[in-house]
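Colleague: Need a 3D model of the following:
(one chain, ligands or ions: 1)
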Amino acid sequence: MSDTILQFDDVSVRYSGSITALSGVSLTVRQGEIAALLGGNGAGKTTLLKAASNLLPAERGRITGGRITFRGEDVTRTSPDAHIRKGLVPVLEGRRLFRSLTIEENLVSGAIGAGLRSADIRRGLEEVYSFFPRLKERRQSRAGLTSGGEQQMAAIGRGLMARPQVFLLDEPSMGLAPLVVAEIFETLSRLNRETGLTILVAEQNSAVALKHAAHAVVIGNGRSTITGLAADLAQRDDIREAYLGGA
Ligand code: ATP
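Modeller: Numbering: from 1, shown residues only. Next comes the predicted model:
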């Protein structure tokens, strides 16, 4: 399909010890949309995002079958750095900020990783601060001393500094109060509307993800179980009960 930006075809992943985490998962992410990747604990969401960033070898995992295509190009075996330079940027769970560096230094680290120059870095910081005014207020604070919500915003901001075309976002709601989660998803929606950023977001909080996504895929036990319009899935009690913990 011509508006496809990221495609998984029959992707399987195994970790060392022969743990099969994904078995033949297929999904399509369309240019300019927010797509939700849903499923309970251990369903395989993080594994899928790591597969799309080629971060599995560091976890002693590997893609054992299938293909991942980004803008028509096979990226199944592309290095993690090359993924970022192409615009496929992961924002993983746990936030992984440099705790002793300031918020601004953390943001800049995202641009350096992507090989950007100083004028681009200044423009990038302005853009991040326009979407996250709180980060501007906290820019001189050490990341380790900021709140969980501010850290999540900084992780997203650091990803933005790499000039993404697609964000691979893992559980942005994790450990955060409902109001903060709502604020973060509102900002992601704004980013999507105003910059055209495509977002594939893995969430256990299916209610908030379905509210903001166009399409959703539910993974159960390493297989893509249900795919559809987010608005339709949000209406289906059977799905919520079977796969989404009634959330
Ligand atoms: P959660 O929301 O709890 O993070 P998830 O849907 O993201 O869950 P994954 O973390 O992708 O699920 O895990 C999928 C399966 O792969 C699980 O059975 C998990 O135990 C296994 N797994 C994940 N990481 C590793 C690893 N580094 N080594 C071995 N097995 C792993």
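
Colleague: beta partners for residue 62?
Modeller: On the basis of DSSP bridges, residue 62 is bridged to residue 14.

Colleague: my guess is it contacts residue 12, does it?
Modeller: No - at 9.7 Å, residue 62 and residue 12 do not qualify as touching, with contact defined as C-beta atoms under 8 Å. To be clear about C-beta, it is placed using only N, CA and C from the backbone, and glycine gets the same treatment.

Colleague: what about these two, which has more around it?
Modeller: In this comparison of residue 62 against residue 12, neighbours counted by other C-beta atoms under 10 Å, the higher total goes to residue 12 at 18 against 14.

Colleague: Can you verify that one is assigned to a strand?
Modeller: Yes - secondary structure of residue 12 (DSSP: H, G, I helix; E, B strand; the rest coil): part of a strand.

Colleague: This structure against the ligand: which residues are in contact?
Modeller: Within the chain, the positions lying close to the ligand (C-beta under 6 Å from any ligand atom) are 15, 19, 21, 39, 41-47, 59, 61, 204.

Colleague: Let me know the secondary structure of the residue nearest the centre of the chain.
Modeller: The centroid of the chain falls nearest to residue 169 when counting by C-alpha atoms, centre = their mean (1.3 Å). For residue 169, the assignment made with three-state DSSP gives strand.

Colleague: ok, it touching residue 192?
Modeller: No - at 11.1 Å, residue 169 and residue 192 do not qualify as touching, with contact defined as C-beta under 8 Å.

Colleague: For the chain, just list every one of the helices.
Modeller: Counting by DSSP state H, the chain has helices at residues 45-53, 80-86, 103-113, 118-131, 133-137, 148-161, 178-195, 206-212, 230-235, 237-243.
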